[in-house]
Structures are given as structure tokens and as C-alpha cells.
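Trainee: could you look at this predicted model? Sequence included:
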Amino acid sequence: ILAGHAMVQLLGGMSVYQSKLILVALCLLNYPHLIYLGAIHQRGPLSANAYLASIMNNAAQEDNSNNQFSVHYLMGCHSAPAYSHLHLTDVFVDV
């Protein structure tokens, strides 16, 4: 509501063409932020799990002993995917 009120005050004295041009420019300026947040910022938890899976696989291939790993995520419980993104065979995950 506040943004709409400010837009009316900002665009009130302009022509329709200028108003549309400013609105389109404001919308286009948001796309780099959307691309960054959608493609780069949100891939962190998936990259972390891929790294953990590679460490566990390498340790399992080096020796056939019973390796146990303990991982503590310092983030919210729903922000990191657990077993579904580890993709390891013969691994028990206790969440």
C-alpha cells in the first residue's frame, strides 16, 4: 500500500508513456536480483551435500572399514536437504 501510494505521487505529473517507461524499467531492474537469488544463492545447501557425499564416497573407497560420519548443519532444519540429496548406497542416515 505504501509503495503504491509513493508510485502514484511519483508518476502523478508524468505522461502515460513516461509512467509506463518507468514501471517497465523498475521491473527490469529486479531481474538480476531474481536470477542471482534463484540460481546462485539457493544452491549452497545442495553444493554442501554434494561435497559431503564425495567425502563419504572417497572414505568408503579407500578402506572397507565401517566408517561413521557425524554432520551438524548450522542452519535451519528445512534449509538443507538430507538423505534425498546424498545419493549414497548402503548408508544409514539418522536425522
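Mentor: Arrived safely, thanks for sending. Numbering: from 1, shown residues only.
Trainee: so which residues of this structure form strands?
Mentor: Counting by DSSP state E, the chain has no strands to list.
Trainee: would you map the helices across it?
Mentor: For the chain, the helices defined by DSSP state H occupy 2-11, 16-39, 44-62.
Trainee: dump the ones you listed to a markdown table, plus distance to A80, mean pLDDT and mean neighbour count.
Mentor: Backbone N, C-alpha and C define where each C-beta goes, glycine included. Converted to a markdown table, these look like this (distance: least, CB to CB, whole Å; pLDDT from 0 to 100; neighbours: other CB atoms under 10 Å):
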| stretch | distance to A80 | mean pLDDT | mean neighbour count |
| --- | --- | --- | --- |
| helix 2-11 | 33 | 80 | 10 |
| helix 16-39 | 17 | 90 | 10 |
| helix 44-62 | 4 | 81 | 13 |
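Trainee: got CSV for these, with distance to S70 too?
Mentor: Below are those laid out as CSV (distance: least, CB to CB, whole Å):
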stretch, distance to S70
helix 2-11, 47
helix 16-39, 31
helix 44-62, 11
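Trainee: now M56: how far from E62?
Mentor: Separation of M56 from E62 (CB to CB, to the nearest Å): 11 Å.
Trainee: confidence score at the residue nearest the centre of the chain?
Mentor: Taking CA atoms, centre = their mean as the criterion, Q42 is the residue nearest the geometric centre of the chain, at 1.0 Å. Q42 is assigned 80 on the pLDDT scale.
Trainee: and it, how close does it get to L11?
Mentor: 34 Å.
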